[in-house]
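# Pasting a predicted model and its sequence here:
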Amino acid sequence: MQTGSVTVGVEEAGDLERRQEVFRRCAPYFLLALGTFLAVMTAGLITPFDHERVLAGALVGSALVVELSWTWIARRHPDPSRVSFAYYVLRWAIGFALTILNGFFAFYAVSGYYDADERIPWRRARRFALFACSIPISAAQASGIPVHDTARWLVFAGLLIANNLLLTVVKHFADQEEARSRSRAATIAELQQAHEENAALQAQLLVQAREAGIADERRRLAAEIHDTIAQGLTGIIAQLQVVANTSDPAIVKDHVSLATDLARHSLGEARRSVHNLAPVGLSNDGLPEALRKIVDQWAERSAVRAEFTVTGTPQHLHGEISATILRITQEALANVAKHAAATRVGVTLSFMDSEVTLDVRDDGKGFDPMSLPARTNTGGFGLDGMRARAERIAGSLTVEAEPGFGTAVSARVPLVPHA
């Protein structure tokens, strides 16, 4: 099951978007502060005139007002719109003017590189906006926009071209990464939807399995009562009728003894049926421990050597899964006791990544699977009943047998953890 991985993927995608939004909101303030700090530290070397310092201060104040205003406005206009485009243009204009006064303010102009997609609603306008942002960046690199110096114009033009080429390459890779991110997000959404559908189907399947299990238990108990207790009572009645129709003490004693034996046997069968009515061992123990007790008790009753083994990492399974495995084990061992004449039995419970397997193997006389009668709906609880139990929870049951070489019953069911 992929529940954990899908949930983690959705949470990581949400966290990434939140971090990106925080970065877009806070970066302009940081870049403006950084450019202002560096400009102030070098103001005596680069802007020696007081009126330029006053103009720079006014522009920094204007930029701060624009950013604070946009922080408030953005709550009402979170998506790209004409309002966000106006903010982008105004910020670029202030950044351009500041960069002309002091090249360090180009840090503030860099803001336009990373949020054009979030601020400009038109795709073609975004490309032009990125080119516009490269102008103050190139001017800062060329120590200002040249006015009458041809050589510096060439340097400026070269820097502008180089910056845009680099920007184009970076933008291309960024678009590819964004496309992959969207594809991953779509895949995660599909997996989450599939997981929810599978969970719903699994719940429906378990409900159906519970209802079918109840009906199956009723049929099994009806068959057991008919085959054991009812027959025993019939025998007791027959013996008592003989007693009622004779006065010979010896005959009376013999038939009363037979009736008593039948009554004891019927009582034992009744207790066994009540004991097997529900997998009570699961209420106090996990499935491995419950199976170990069943195997040990069966070995003691049948005087057949039996070994129980667990492989893999045991997990707490859903109740229907555990009950199904327990019932199949009980019936498989009952079949061994009735038909196999075995001297040794091995029961193995294996936990794997997505399924649980149960293997019951004996060294008895075996049989020819092809000689078994066709599967019927008479309500018996032999191999067909075990197979039906496994199939009700999307599992399967296979039987491997050969005359003289024992029998192996293998059940595979999905690993559904306890909710």
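On my side now, so go ahead.
# care to break this structure down by domain?
Segmentation of the chain into domains, based on automatic domain parsing, reads 3-145, 285-419.
# pLDDT of the shortest one, averaged?
Per-region confidence: domain 285-419 scores 87 on mean pLDDT.
# quick one on the thing from earlier: any chance of the domains of the chain in TSV, plus mean neighbour count?
The C-beta positions use only the backbone N, C-alpha and C, and glycine is treated the same way. Below are these laid out as TSV (neighbours: other CB atoms under 10 Å):
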stretch	mean neighbour count
domain 3-145	16
domain 285-419	17
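# Tell me which of those lies nearest to residue 201.
domain 285-419 (9.2 Å; CB to CB).
# Please state the offset of stretch 116-126 from the chain centre?
On the basis of CA atoms, centre = their mean, to the nearest Å, stretch 116-126 sits 38 Å off its chain's mean C-alpha point.
# Now do the strands in the stretch 201-350 of the chain.
In the stretch 201-350 of the chain, the strands defined using DSSP state E, counting those that start in this stretch lie at 305-311, 344-351.
# quick one: which of those is nearest residue 268?
strand 305-311 (20.9 Å).
# Next, the angle strand 344-351 makes with that closest one.
Strand 305-311 and strand 344-351 are oriented at 10 degrees to each other (axes from the mean of the first three to the mean of the last three CA atoms, to 10 degrees).
# Same list, the strands of the stretch 201-350 of the chain, but as CSV with distance to residue 241 please.
Listed next are those as CSV, based on distance: least, CB to CB, whole Å:
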stretch, distance to residue 241
strand 305-311, 42
strand 344-351, 42
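# can you tell me which of those comes nearest to residue 211?
Comparing the strands of the stretch 201-350 of the chain under CB to CB, the one sitting nearest is strand 344-351, at 25.9 Å.
# Partner strands of the closest one, with direction?
strand 305-311 (parallel), strand 355-362 (antiparallel) (DSSP bridges).
# Out of the ones you listed, which gets nearest to residue 131?
With CB to CB as the criterion, residue 131 lies closest to strand 355-362 of the strands paired with strand 344-351, at 59.0 Å.
# Does anything pack onto the helix or strand just after that closest one? Which helices or strands?
Sequence order places helix 383-392 as the next helix or strand after strand 355-362, per DSSP states H and E. Applying 3 or more CB pairs under 8 Å, 6 or more residues apart in numbering; DSSP states H and E, one finds that helix 383-392 makes contact with helix 150-224, helix 319-335, strand 396-401, strand 407-414.
# Would you mind getting the angle between the first one and helix 319-335?
Direction vectors for helix 150-224 and helix 319-335, defined by the same axes, to 10 degrees, enclose an angle of 40 degrees.
# any idea how far the nearest residue to residue 129 once chain neighbours are set aside lies from residue 96?
The shortest distance from residue 129 to any non-neighbouring residue, by CB to CB, 6 or more residues apart in numbering, is to residue 116 (4.9 Å). To residue 96, residue 116 is 15 Å away according to CB to CB, to the nearest Å.
# re the thing from before, correct me if wrong: the residue nearest to residue 129 contacts residue 88.
Yes. Assessed by CB atoms under 8 Å, residue 116 is found in contact with residue 88 at 7.2 Å.
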